[in-house]
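Visitor: Sequence first, predicted model second:
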Amino acid sequence: MLKFLYAGSASLLIFLSLSTPALAESSLLVAQAQVQPSQESQEEASQIEVSDQELEKFATVIQQLRSIRMESRDEMSQALEEIGLSPELFREILQAKQNPEAESDASEEELQKFDSATEELAQIQKETQSDMKEAVESQGLKVSRFQQILSAVREQPDLQQQVQQIIENSKQ
C-alpha cells in the first residue's frame, strides 16, 4: 500500500528538493507517493473500480493537497529563514547525519540551528499531515480509500486522464 502521509526526514528532503516553483508543481503521481507500489499492489490497483463521483472527490482532494503542500513548503522555508539556515545548508547537514560518508563543514552553531529547525519542521510536518487527512475526509473519503484510488490512478492511464480532465475543468 502506498504511503499517503510524509514520514520522517525523508519528507524534509522532499521539501528541500521541491524548493523551486517548477518542481513544486510536479505531477500528481510523484507528488502524492513516497514509495513505489509492490507488484502485488500494482495488480490490485489495476482491478480497483472507481466511480465517477469518487474520481470527482479524488480530484478535489488532489487540488487541496497541492495547496496544503505549497503552504507547508512556504512555512518550512520561512522557518528555516527565521532560524538562520539556508535550505542548502539544512540539506547538507541532514544528508551528513543520514549518511556517514557524506561530509559537512557545519559549525557547532549551525548544528544547533539545524536541531532547532528539525524540531520546527517536524511540527509543521505534523500540522501538514493533519491538514492533508482532513482534506481527504472533508470530501467524504477515507484515507484508505483515497490510497486505493491513488494506486488505481497511478496504474491506469485512463483514470489519470480523467482526473487531469476534472482538474482542468475545475480551473475554468
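Guide: Good, I have the coordinates.
Visitor: and the gap between Q148 and E49?
Guide: Here the distance between Q148 and E49 works out to 10 Å (Cβ to Cβ, to the nearest Å). No exception for glycine: its C-beta is placed from N, CA and C like everyone else's.
Visitor: Check S77 too.
Guide: The separation that S77 has from E49, given Cβ to Cβ, amounts to 41 Å.
Visitor: Between those two, which is the more surrounded one?
Guide: Set S77 next to E49 and count neighbours by other Cβ atoms under 10 Å: S77 wins out with 15 against 7.
Visitor: The more buried one: helix or strand, and which one exactly?
Guide: In this structure, S77 is located in helix 52-83 according to DSSP states H and E.
Visitor: after that helix, next one along is what?
Guide: Stepping forward along the backbone from helix 52-83, the first helix or strand reached (DSSP H and E) is helix 87-98.
Visitor: for the chain, what are the low-confidence residue spans?
Guide: Judged against pLDDT under 70, the low-scoring parts of the chain cover residues 1-46.
Visitor: Break down it into its helices, ranges please.
Guide: Along the chain, counting by DSSP state H, helices occupy 8-17, 21-24, 28-32, 39-45, 52-83, 87-98, 108-138, 143-155, 157-171.
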